[in-house]
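J.: the following block contains a protein sequence and its predicted model.
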Amino acid sequence: MSDPTIRVRIAPSPTGPLHIGTARTALFNFLYARHVGGTFLFRLEDTDVARSTPEFERDIIDGLHWLGITWDEGPDAAGGLDKGPFAPYRQMQRLAIYAEAADRLLDADLAYPCYCTPDELEADRKAQEAAKQPPKYVGRCANLTADERAARQAATARPPATRFRVRPGVIAWNDLIRDRIEIDTTNLGGDFVIVRSEGTPLYHFTVVVDDAAMAVSHVIRGEDHVGNTPKHILLFEALGHPVPTFGHLPLILNPDGTKMSKRKSQTAVDDYRAQGFIREGLLNYLAYLGWSPGTEEDVLSLDEIIAKFDIDKVHKGGAKFDIGRLEWLNGQWIRKLDADDLIDRLRPYLQAALDDGRISRLPSDDEVRALLPVIQERLPTLAAVVDLVGFLWIDDLALDPALVVPKRWDAATTHEALVAARGILAAHDAVTWEADELEPPLRELVEARSWKAGDLFMAIRVATTGRTATPPLFDTLVALGRERTLARLDAAATALAPAIVR
RNA sequence: GCCCUCAUCGUCUAGAGGCCUAGGACGCCACCCUUUCAAGGUGGAGAUCAGGGGUUCGAAUCCCCUUGGGGGCACCA
């Protein structure tokens, strides 16, 4: 299915790392384009020169690619070449286009030069605030004669900004998601600046010029843009371009219900990635934030989501970000990964653990592969592998002697049990060091002493791993290996000795 | 202050007038499985569908009001 009339875009500005909200907006545009067979384009809105950096640009592009979101037009790599018939797709490389459009507006008197200084503007705003009035441009420069303009220019010394005339009237559109919205232009805050006094164009202007130039048919963006839409519609009209269809997505919210922010939530996609969330899980979760296929399925692949995506089913109300549900979904997807893939994905997290000293050596792929049957279903995130079985790759295990003693036992019994178990395990050689071989003789020991298997196993578990929660004991001992198992049992027994009261 | 907007379990959601004494999932609780932890299985608690008026034979679903929440109002994007 292909529909060349449908063109959507994501237009982030590289003023910060890829935000989870940007990723979600990109995802919905991507889903919409892929579902209907339209075109998805990527444009960098880097006109805020002071805050835009190549590093953020790279972070955004890499992050989106990591998620599996691809675009048909736009820069494919940070600093790389733009592809697509409307290149360039970086706004700072399109300044001539905005300048030409601004001149047209100026010539038609749809915009005018504004000589107001920041001080004047701030004073206006303060006065309005004091009078409990909504902030609004007072129109000081709206109807100046040529002489007056010259006078104001002479007084300020800096070049004028360009202000767009907001005409009276009601702007209405049929929103893809929220149906009809009408806004009176008197509530827009007056004529707004489209070109700074230093000459660079502003957001409201560049989006419209570019969406027009790039033939964007559907503008799907966050709900926080609803108030900007009438300004954009006015600009499309002034520029003589057909107005695209708008759709405003519900916001992703902090747990307290406010718009998701760095202050209250983790917002950088890369941070989720660093924590071991995988693309399948994050994507699946993000897709369900404000959308549902209307069925009772929860775990869907990107392809399945594309197939089922329907913009009519997108919600109007915001959705709180629930990390717990993300973790569950992530675990679902980790369980679906095949062995080689999982090993590949685990490697960076093990390396990171080695780098910061949480483990002493890096396990081989085969070591990790042997562990997969017992750890794969226990990983909510990839990074959790270190917490789960990191003890296998630590040279000097920190051991709390008190933890080694099971609840129903005392130190003396535990010591005796560990020594006995050590003796039994030592009888095995490298060949019979298998889970099936290790367990029966220890069960016989338990039987002979009238102990509980759970107590013995717990004592051995803590002695050999330092923790009370681990994957199944005998698989763990096999992974640890005969020598280290025996050494750790010895060390635990020794550590216990002082605690034995006679 | 002004404008816009939203409203189903704690959370994500199903629901587009009768199928709803409101379904699923996460989380929570219990039980089963079990050497711990998970996973899995079974069951449970959990929403008078924000409140109040209508419309209708019939409303979570349509209309109005109220309340509550959110977003926005830059020479940021």
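T.: Sure thing, it's come through. All of these numbers come straight from a predicted model, not from anything done at the bench.

J.: all contacts plus neighbour counts: C-alpha atoms, from now on.
T.: OK.

J.: do the helix or strand hosting residue A:403 and RNA strand B meet?
T.: Using DSSP states H and E, the element containing residue A:403 is helix A:401-404. No. Using Cα under 7 Å from any atom of the strand, helix A:401-404 stays clear of RNA strand B, with a minimum separation of 11.6 Å.

J.: what's around the residue lying closest to residue A:286 once chain neighbours are set aside, how many residues?
T.: Nearest non-adjacent residue to residue A:286, counting by Cα to Cα, 6 or more residues apart in numbering: residue A:24, 6.0 Å away. Using other Cα atoms under 10 Å, residue A:24 is surrounded by 25 other residues.

J.: same thing with residue A:166?
T.: 19.

J.: output the contacting helices and strands for the worst-scoring helix or strand of chain A on mean pLDDT.
T.: Lowest on mean pLDDT, DSSP states H and E among the helices and strands of chain A sits strand A:82-83, with a mean of 86. Applying 3 or more Cα pairs under 8 Å, 6 or more residues apart in numbering; DSSP states H and E, one finds that strand A:82-83 contacts strand A:74-75.

J.: got the contact list for the strand it packs on?
T.: If you take Cα atoms under 8 Å, 6 or more residues apart in numbering as the criterion, strand A:74-75 is touched by A:41-43, A:81-84, A:87-90.

J.: the residue nearest to residue A:286 and residue A:489, how far apart?
T.: Per Cα to Cα, to the nearest Å, residue A:24 is found 51 Å from residue A:489.

J.: please apply the same query to residue A:14.
T.: Residue A:14 is 55 Å from residue A:489, by Cα to Cα.

J.: re earlier: what's next to the least confident helix or strand of chain A, contact-wise?
T.: Residues contacting strand A:82-83 (Cα under 8 Å, 6+ apart): A:72-76, A:88-89.

J.: quick one: residues contacting the residue most central in space within chain A.
T.: Centroid check for chain A by Cα atoms, centre = their mean gives residue A:269 as the closest residue, at 2.5 Å. With contact taken as Cα under 8 Å, 6+ apart, residue A:269 is in contact with A:17-20, A:23, A:63.

J.: quick check: residues of the stretch 251-400 of chain A near RNA strand B?
T.: Residues of the stretch 251-400 of chain A found near RNA strand B, taking Cα under 7 Å from any atom of the strand as the criterion, are A:251, A:257-259, A:288-298, A:313-322, A:324-326, A:328, A:332, A:377-379.

J.: separation between residue A:465 and residue A:4?
T.: 60 Å.

J.: more neighbours: which of the two?
T.: Legend: neighbour count by other Cα under 10 Å for residue A:465 and residue A:4, higher for residue A:465 (25 against 12).

J.: hmm, back to that, report the buried members of the contacts of strand A:82-83.
T.: Among the contacts of strand A:82-83, those buried by neighbour count (16 or more other Cα atoms under 10 Å) are A:73-76, A:88-89.

J.: format the contacts of residue A:269 as JSON lines; extra columns: secondary structure and pLDDT.
T.: Formatted as JSON lines, the contacts of residue A:269 follow (DSSP: H, G, I helix; E, B strand; the rest coil; pLDDT from 0 to 100):
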{"residue": "A:17", "secondary structure": "coil", "pLDDT": "97"}
{"residue": "A:18", "secondary structure": "coil", "pLDDT": "97"}
{"residue": "A:19", "secondary structure": "strand", "pLDDT": "97"}
{"residue": "A:20", "secondary structure": "helix", "pLDDT": "97"}
{"residue": "A:23", "secondary structure": "helix", "pLDDT": "98"}
{"residue": "A:63", "secondary structure": "helix", "pLDDT": "97"}
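
J.: can you tell me the SS state at residue A:136?
T.: coil (DSSP: H, G, I helix; E, B strand; the rest coil).

J.: roughly how far apart are it and residue A:129?
T.: According to Cα to Cα, residue A:136 stands 10 Å off from residue A:129.

J.: what about these two, which has more around it?
T.: Comparing residue A:136 with residue A:129 by neighbour count (other Cα under 10 Å), the higher total belongs to residue A:136, at 17 against 12.

J.: let me see the contact set for the more buried one.
T.: With Cα under 8 Å, 6+ apart, residue A:136 has these contacts: A:125, A:128, A:188-190.

J.: what do you get for residue A:189?
T.: Residues counted as contacts of residue A:189 (Cα under 8 Å, 6+ apart) are A:134-137.

J.: ok, now residue A:440?
T.: Residue A:440 touches nothing, counting by Cα under 8 Å, 6+ apart.

J.: element containing it?
T.: Assigning secondary structure by DSSP H and E places residue A:440 in helix A:435-449.

J.: looking at the stretch 1-150 of chain A, what residue ends up closest to RNA strand B?
T.: With Cα to the nearest atom of the strand, the shortest gap between the stretch 1-150 of chain A and RNA strand B falls at residue A:134, namely 2.8 Å.

J.: still on that earlier bit, which strands or helices does the helix holding residue A:403 pack on?
T.: Packing partners of helix A:401-404 (3+ Cα pairs under 8 Å, 6+ apart): helix A:453-465, helix A:482-496.

J.: I figured residue A:479 hits residue A:369, correct?
T.: No. Between residue A:479 and residue A:369 there is no contact, the gap being 10.6 Å when judged by Cα atoms under 8 Å.

J.: so which of the two has more stuff around it?
T.: Per other Cα under 10 Å, whichever of residue A:479 and residue A:369 has more neighbours is residue A:479, with 20 against 15.

J.: what strand or helix carries that one?
T.: Assigned by DSSP H and E, residue A:479 falls within helix A:473-480.

J.: distance between that helix and the chain's centre?
T.: Computed by Cα atoms, centre = their mean, to the nearest Å, the chain-centroid distance of helix A:473-480 equals 36 Å.

J.: ditto for stretch A:44-61
T.: Taking Cα atoms, centre = their mean, one finds the center of stretch A:44-61 at 17 Å from the center of the full chain.
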